[in-house]
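Trainee: Starting from these lines, generate the structure:
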Amino acid sequence: MSCSDDQTTESDALDTLDTLDDAAAAAAFRRLVRLLRHRSDAANIDLMGLAGFCRNCLGDWIAEAGGLGKEEGRAIVHGMPTQEWKARYQTAATPEQLQRMEESMAKNP
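Mentor: Model (predicted):
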C-alpha cells in the first residue's frame with residue numbers, strides 16, 4: 001500500500017511550496033519528525049485514517065528521495081529500527097481504524 005505518489009499536476013506548476021528555501025523546508029520536516037517521535041501515542045493507523053500518511057510513509061519518502069532502503073528511511077523517522085518501534089508502541093488495529101484508513105487512503109493522489 002502506497003501513501004501517495006509524487007504526482008505533479010498543472011496546478012502545481014505555480015505552487016509556492018516549490019519556492020520554499022530548502023533549509024527552511026528541511027528544518028520544518030525535522031521538526032515534524034521530532035514531534036512524531038515524541039508523540040508515540042499518535043498511532044500510525046490513526047494518522048493514516050485522518051491524513052492518509054504515517055511515519056512509515058515519511059520514511060519511505062525519505063528512502064525514495066535519498067536513495068536509501070525502506071528500513072533505513074523508516075528508522076530515521078522512528079528514531080530506532082522499525083521492529084523495535086513496533087514492539088514498543090504499535091497495537092493491533094481495530095476494524096474501525098482499518099476502515100477509516102481505507103477511506104482516507106482512497107483520497108490520496
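
Trainee: Buried residues in the longest helix seen in the chain, which are they?
Mentor: Using DSSP state H to define each element, the chain has its longest helix at helix 22-38. Going by neighbour count (16 or more other Cβ atoms under 10 Å), the buried part of helix 22-38 is 33, 36. No exception for glycine: its C-beta is placed from N, CA and C like everyone else's.

Trainee: residues of the next helix or strand after it that come out buried?
Mentor: As assigned by DSSP states H and E, the chain's next helix or strand after helix 22-38 is helix 44-51. Neighbour counts over helix 44-51 (16+ other Cβ under 10 Å) mark 44-45, 47-49 as buried.

Trainee: of these, closest to residue 22?
Mentor: For the buried residues of helix 44-51, the minimum distance to residue 22 (Cβ to Cβ) is 25.2 Å, reached by residue 47.

Trainee: For the closest one, give its distance to residue 24.
Mentor: Note on residue 47: its distance to residue 24, by Cβ to Cβ, to the nearest Å, is 24 Å.

Trainee: Residue 74 reaches residue 57, doesn't it?
Mentor: No - the criterion here is Cβ atoms under 8 Å, and residue 74 misses it with residue 57 at 9.3 Å.
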